[in-house]
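*Asks:* I'd like to go over a predicted model; first the sequence, then the structure.
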Amino acid sequence: MQFATLTAGEVPGVPSLDELRGLKPLQQPEWPDGAALDQVMRELRTLPPLVFAGECDDLTTKIGAVARGEAFILQGGDCAETFAGVTAENIRAKLRVLLQMSVVLQYAASVPVVKIGRIAGQYAKPRSSGEETRDGVTLPSYRGDAVNGFDFTPESRIPDPQRLRGVYNAAAATLNLTRAFTTGGYADLHQVHAWNTDFVKSSPVGRRYEQLASEIERALAFMRACGATADEFRTVDFYASHEALILEYEHALTRIDSRTEQPYDVSGHLLWVGERTRQLDGAHVEFLASLSNPLGVKIGPTTTPEYIRALIDKLNPKGIEGRLTFITRMGAGKIRSALPPLLEAVRDHGSPIAWVSDPMHGNTFETPNGYKTRNFDDVMDEVQGFFDAHEQVGTWPGGVHMELTGDDVTECLGGGEELVAEDLVNRYETACDPRLNRHQSLELAFLVAERLRGAKA
Ligand SMILES: O=C[C@H](O)[C@H](O)COP(=O)(O)O
Ligand SMILES: C=C(OP(=O)(O)O)C(=O)O
C-alpha cells in the first residue's frame, strides 16, 4: 500500500484548508505565527500515516455489524490526552481496563465487542469559554496539549504550532506500544486473570471480575481439551479514535489511499465531530464528509429529526453500513424524551446507523469545593435511559463511549467506593473533564452487560 505525498496541501476530493477556513470553523486556535504553522504543516504532510486505510475499512465493516444489531462498541479513554501522559504505564493501564471491560461485556452478553480507544490523538479540546479567570487574572483557556499549555501563565497559554508535531509524535509512540500490547501477548485472553493482579481483589467489583475470569479460563481449558486452536484469543483488534477538531492537523494527515484512490485522514481510524462543531454547513462536517474513514457525530439534547436526516444525507449519502455512528450525550434527565424521536427518524430514513451512548458529557456539574465532576449514578442512569429508548423504538443500543482511565483517580463521584466531593481533592488528575476510575469503569461494564443481555434476548 502506498500513499501519495501531495504538496501545497491539496488532496483531491478534500476541501482545501483555505476553503475550510472560509467556512469560519469554530473552536480553532488563533495561531499567532502563521509562518511557523505553515512550516509544521509542510512537515506533517510528508510524515508516514499513523494508521492504514485498510484498518479504517476493517473498522467500518465491524461497525456495520453494530448497525445491524450484531455487535457492541466499547469506546473509551481520556478526556484529554497529554504529552506527559505518554508513558508505558499509562498506556498499559488504559488498555487493561478497556480489555477487562470488553471481556465482561463479551462474556456476560455473548456479543462481539468492537474495541475503540479515545487514544493517540485526543489532544485538542473544545471549550465552553475562550477564557479562564483565576483570582482576577484572565487568560486564554487551555485547549489541549495540541494547542497550548495547561499551566496558568500567559506564555503557556499562547497557541504554539510546534505542538502539532508533538501530537504526531505522541500518537505514533502510543500506537506503537498499543499495537505491541494488542498483538504481542498482553491482550491474550489467557491473561484474563493477569489483567487483574494489581487490582483490589477484595473489592466487590474486583471479586466479581475474578469469578468471571475463572469461568473464562475454564471455557478456554475446555476448548483446548477439545483440540480447538485458539489463535483468535491471542490478539485483539483495537482501534484509535479522537475528535477531529484542529483542522490544520487533520488536514495535514489526510492522504489518498492508493488501493482505493479515496482520501483518508490517517491520524486515527475513527474520527468524530463534537457537539460544538457539528453544524451542517460547518467546516468540520464538510471536511469529514470528504473522508473515507468511519465517522462519529456527537448528538446533544437539542438535536432535531430534520437535522439528523440532513446530516445522514451529507455524511453517508450512499448508506454504507458502518460509515456513521451517532454518539448521544443528552444528560440523564433528557435522554428518555429526547432520544426516541431521533431513533424513529433514523429508522424511518432507512440508513444504517450505529448508536452509541456517551453518558458523560451531559452530566457534568461543579461541586461546592470547586471540582468539575460527574456522578456515577447519573452516568448509569443515562445508559439505562439509552437502553430504555432503544427498547421503546425497537432499535439496537450499539455501544458506550466513556471518559475513563486505568488509574485509581478520584474525579467522578459515587460508584462502589462511594466517592464524595471531599475525596476529589485526593487524585484529581484530568486535564479537562472528570473520568471514571478503574473501579467505576468495571462496575459500569457489569451493569451494561446485564442490560445488554436483556436487549439481546
Ligand atoms: O470534553 C468536552 C469539552 O471539551 C469540555 O466538556 C469543555 O469543558 P468546559 O465547559 O470546561 O470548557
Ligand atoms: C468534547 C467532547 O464531547 P462533546 O462534543 O459531546 O461535548 C468530548 O467527547 O471530548
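*Replies:* Alright, I've got the coordinates. Numbers count the residues shown, from 1 in each chain. Ligands and ions are numbered 1, 2, ... in the order given.

*Asks:* before we move on, which element is the nearest residue to Thr60 once chain neighbours are set aside in?
*Replies:* Spatial nearest neighbour of Thr60, excluding adjacent residues (C-beta to C-beta, 6 or more residues apart in numbering): Gly322 at 4.0 Å. C-betas here are computed from N, CA, C, even on glycine. Taking DSSP states H and E as the definition, one finds Gly322 inside no helix or strand.

*Asks:* I figured Gly322 hits Asp58, correct?
*Replies:* No - taking C-beta atoms under 8 Å as the definition, Gly322 is not a contact partner of Asp58, at 9.7 Å.

*Asks:* State which one residue of the stretch 301-450 of the chain is found closest to ligand 1.
*Replies:* For the stretch 301-450 of the chain, the nearest residue to ligand 1 under the criterion C-beta to the nearest ligand atom is Asp433, separated by 4.5 Å.

*Asks:* where does the protein have its least confident helix or strand?
*Replies:* helix 204-225 (a mean of 87; mean pLDDT, DSSP states H and E).

*Asks:* Contacts for that helix, please.
*Replies:* Contacts with helix 204-225, where a contact means C-beta atoms under 8 Å, 6 or more residues apart in numbering, come from 100, 103-104, 107-108, 189-190, 192-193, 196, 199-201, 230, 233, 416, 439, 442-443, 446.

*Asks:* Can you tell me which of these are classed as buried?
*Replies:* The neighbour-count test (16 or more other C-beta atoms under 10 Å) marks 100, 103-104, 107-108, 189, 192, 196, 199, 233, 416, 439, 442-443, 446 as buried among the contacts of helix 204-225.

*Asks:* Can you name the two of those that sit furthest apart?
*Replies:* Phe233 and Gly416 (29.1 Å; C-beta to C-beta).

*Asks:* quick one, which of Gly322 and Asp58 is more surrounded?
*Replies:* Gly322 (26 against 16; other C-beta atoms under 10 Å).

*Asks:* Can you name the residues of the protein sitting close to ligand 2?
*Replies:* Residues of the chain lying close to ligand 2 (C-beta under 6 Å from any ligand atom) are 79, 126, 243, 274-276, 298, 329, 361.

*Asks:* Repeat the analysis, applying 8 Å as the threshold.
*Replies:* Residues of the chain lying near ligand 2 by C-beta under 8 Å from any ligand atom: 79-80, 118, 122, 125-126, 243, 272, 274-278, 298, 300, 327, 329, 358, 360-361, 401, 403, 432-433.

*Asks:* In contact with the nearest residue to Pro397 once chain neighbours are set aside, which residues?
*Replies:* Distances taken as C-beta to C-beta, 6+ apart put His390 closest to Pro397, at 4.2 Å, once the chain neighbours are dropped. When contacts are counted by C-beta under 8 Å, 6+ apart, His390 touches 343, 355, 396-397, 455.

*Asks:* before we move on, what SS does His390 have?
*Replies:* Here His390 is recorded as helix under DSSP: H, G, I helix; E, B strand; the rest coil.

*Asks:* Can you tell me how far it is from ligand 2?
*Replies:* 19 Å (C-beta to the nearest ligand atom, to the nearest Å).

*Asks:* For the stretch 1-150 of the chain, give me the ranges with low pLDDT.
*Replies:* Judged by pLDDT under 70, the stretch 1-150 of the chain has its weakly predicted residues at 1-9.

*Asks:* Let me see the ranges of the helices in it.
*Replies:* All helices of the stretch 1-150 of the chain, identified by DSSP state H, counting those that start in this stretch, fall at 17-22, 34-46, 53-67, 88-109.

*Asks:* Could you report the neighbour count for the closest residue to Gly331 other than its chain neighbours?
*Replies:* Counting by C-beta to C-beta, 6+ apart, the nearest residue to Gly331 once its immediate chain neighbours are dropped is Gly362, at 3.1 Å. Counted by other C-beta under 10 Å, the residues lying close to Gly362 total 22.

*Asks:* cool, and Ser156?
*Replies:* Neighbours of Ser156 (other C-beta under 10 Å): 14.

*Asks:* Next up, the contacts around the nearest residue to it once chain neighbours are set aside.
*Replies:* Distance criterion C-beta to C-beta, 6+ apart; nearest residue to Ser156, sequence neighbours excluded, is Gly149 at 3.3 Å. Gly149 is in contact with 142, 155-157, counting by C-beta under 8 Å, 6+ apart.

*Asks:* how close does Gly149 sit to Gly166?
*Replies:* Gly149 is 11 Å from Gly166, where distance means C-beta to C-beta, to the nearest Å.

*Asks:* and what of Leu404?
*Replies:* Taking C-beta to C-beta as the measure, Leu404 falls 24 Å from Gly166.

*Asks:* more crowded one of these two?
*Replies:* Leu404 (27 against 17).

*Asks:* just checking, that one touches Val97?
*Replies:* Yes - counting by C-beta under 8 Å, Leu404 does reach Val97; the two are 6.4 Å apart.

*Asks:* Please enumerate the shared neighbours of the two.
*Replies:* 76, 438, 441.

*Asks:* got a markdown table for those residues, with neighbour count and distance to Ala338 too?
*Replies:* As requested, those are arranged in a markdown table below (neighbours: other C-beta atoms under 10 Å; distance: C-beta to C-beta, whole Å):
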| residue | neighbour count | distance to Ala338 |
| --- | --- | --- |
| Gly76 | 29 | 23 |
| Arg438 | 23 | 31 |
| Ser441 | 25 | 25 |
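
*Asks:* Mind putting the residues you listed into CSV with distance to Ala283?
*Replies:* Shown next, in CSV, are those (distance: C-beta to C-beta, whole Å):
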residue, distance to Ala283
Gly76, 27
Arg438, 37
Ser441, 34
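
*Asks:* among those, which are in strands?
*Replies:* Among the shared contacts of Leu404 and Val97, DSSP state E puts Gly76 in strands.

*Asks:* Would you double-check that His242 falls in a helix?
*Replies:* No - assessed with three-state DSSP, His242 is strand; it does not lie in a helix.

*Asks:* That one: neighbouring residues, count only.
*Replies:* Other residues lying near His242 total 27 when counted by other C-beta under 10 Å.

*Asks:* And for Ile320?
*Replies:* With other C-beta under 10 Å as criterion, Ile320 counts 16.

*Asks:* so where do the strands sit in this structure?
*Replies:* Going by DSSP E, the chain shows strands at 72-77, 113-118, 131-134, 137-140, 238-243, 254-257, 262-265, 270-273, 295-299, 324-328, 354-357, 364-366, 372-374, 399-403.

*Asks:* Any idea how far stretch 341-357 is from the middle of the chain?
*Replies:* 20 Å (C-alpha atoms, centre = their mean, to the nearest Å).

*Asks:* Pull out the buried positions in that stretch.
*Replies:* 342-346, 351-357.

*Asks:* Tell me where the model's unsure across the stretch 301-450 of the chain.
*Replies:* Filtered on pLDDT under 70, the stretch 301-450 of the chain yields no residues whatsoever.

*Asks:* Great, nothing more from me.
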